[in-house]
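Colleague: Provided below for reference: sequence and predicted model.
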Amino acid sequence: MANEIFIDWITISQLHTESEPFPVYTGGINVDYDPLGNARFERVRPASFPGSFETSLRIKSDGRHISLSGNVGRFCRKDNLFNCGWQETLRKCNRILVSRSLPAFNAGKVGYAIGESGLPSARVSRIDLTANFATGSESQARHLIRWLATRSVSRMKKGRAGDESVWWVNSRHMLKAYIKHIEMLKHGCSPDDPVYLWCKEQGVVRVEIELKRRLLADLNMVEIDDINDEKLIQVFHEQTEIFNAVDRSDEPDILDAIPTKSRVHAAAWMAGQDLRQFMSRATFFRHAKILRDYGIDISEPRNVETFPVKVRIVEMKPLSMPDWYSLQDDIPHLKAVGE
């Protein structure tokens, strides 16, 4: 699904070993004590830097090690319906650091000569990727969320909030989809805001994926020279394959393709029965695993409602940024909370 992919959140850090110490920024120190009152460990909190439109970033510096975390593209902008790609996000990170007399994130240096030590690269421990899709109306968007809520993703725990959002999560990443204009209202957007009205009219559904430290390491996308927009787009498509999945439970001959021992349970589920009431937990999950390969998820109640937009689920339209939308920000002189 060709689309414009954006970065919604980034956590990035770098250790500088061969430079003069630079300014220290912290938000205080948390100390954990044992029952006897002895300090077990300390954790330095990052300093919070608020921007306009109720945005903020977190920066931590001990004079050698710098970390920055937040929705950099959204910082000092009214909304984040559309956002920045990889290169622009990194440039904005560095403009922010330099404005506080901190060194910019860089790719480090490899030591080639004997006895020459290398310089560590900036490293990313979290990236959130996002894309917008038009469904045509709020009603269609809600139908889509309800349909997605019937889908399971292997080795991921699922959650939902009515027909407004659905998510899947494990220790490596989180995938979620939600109706954008409803989310904007919850964050204080005015109901007469032009961006809000446009999202509602288009039935915009936002799809996001949070790439956590373990998955980034597995993908060899930790050091900044190993990351580019092409890789991020590819990862987004691979990790959001559920949106291309076909619900085969309506195919008239699907039962013939299912192994005999599971066929009767698939038929019962299609008739709207809750199979948990008729079999042990172990038996239920054994058949659930088998049937999932046939596009049938018996862990979700059979949706017997006829959705007029079922075909549109497969035909979600990638949403491009309109000409009137601007990514321009208004970065003030950064001032930490308490300064």
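Modeller: Perfect, thanks for sending it.
Colleague: tally of neighbours for W168?
Modeller: 22 (other C-beta atoms under 10 Å). For every residue, glycine as well, the C-beta is placed using N, CA and C.
Colleague: now do the one 4 residues further on
Modeller: Using other C-beta under 10 Å as the criterion, R172 is surrounded by 18 other residues.
Colleague: how much space between it and I242?
Modeller: Distance, R172 to I242, by C-beta to C-beta, to the nearest Å: 15 Å.
Colleague: and if you look at H65?
Modeller: 38 Å.
Colleague: pLDDT below threshold where in this structure?
Modeller: Residues of the chain that meet the criterion pLDDT under 70 lie in 1-3, 110-117, 243-254, 295, 302-315, 330-339.
Colleague: domains for it, by residue range?
Modeller: 6-28+42-245, 248-311 (automatic domain parsing).
Colleague: for L319, find the nearest of those domains.
Modeller: Among these, domain 6-28+42-245 comes nearest to L319, with 4.0 Å by C-beta to C-beta.
Colleague: which helices and strands does the helix ranked longest in the chain pack with?
Modeller: The residue-count maximum for a helix in the chain (DSSP state H) belongs to helix 86-99. Where contact means 3 or more C-beta pairs under 8 Å, 6 or more residues apart in numbering; DSSP states H and E, helix 86-99 is packed against strand 6-15, strand 56-61, strand 65-70, helix 229-239.
Colleague: flag every buried residue along the third one.
Modeller: Okay, so that is strand 65-70. By 16 or more other C-beta atoms under 10 Å, the buried positions in strand 65-70 come out as I66, S67, L68, S69, G70.
Colleague: that one vs strand 56-61, what angle?
Modeller: Using axes from the mean of the first three to the mean of the last three C-alpha atoms, to 10 degrees, the direction of strand 65-70 lies 170 degrees away from that of strand 56-61.
Colleague: likewise for the longest one?
Modeller: With the same axes, to 10 degrees applied, the angle from helix 229-239 to strand 56-61 works out at 120 degrees.
Colleague: show me where this protein has helices.
Modeller: Using DSSP H, helices in the chain cover 86-99, 138-148, 180-186, 194-202, 213-218, 229-239, 254-257, 260-270, 281-292, 310-314.
Colleague: possible to save the domains of the chain as a markdown table with distance to D34?
Modeller: Rendered in a markdown table, the data for the domains of the chain read as follows (distance: least, C-beta to C-beta, whole Å):
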| stretch | distance to D34 |
| --- | --- |
| domain 6-28+42-245 | 13 |
| domain 248-311 | 40 |
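Colleague: among these, which is the most enclosed?
Modeller: domain 6-28+42-245 (a mean of 17; mean count of other C-beta atoms under 10 Å).
Colleague: tell me how far it lies from the chain's centre.
Modeller: From the chain centre to the centre of domain 6-28+42-245 is a distance of 7 Å (C-alpha atoms, centre = their mean, to the nearest Å).
Colleague: quick one: contacts for R74?
Modeller: By C-beta atoms under 8 Å, 6 or more residues apart in numbering, R74 lies in contact with D8, T55, N80, N83.
Colleague: mind running it again at 10 Å?
Modeller: 6-9, 51, 53, 55-57, 80-81, 83-84, 329 (C-beta atoms under 10 Å, 6 or more residues apart in numbering).
Colleague: spatially nearest residue to Q239 (excluding sequence neighbours)?
Modeller: Of all residues not flanking Q239 in the chain, I209 sits nearest, at 5.1 Å (C-beta to C-beta, 6 or more residues apart in numbering).
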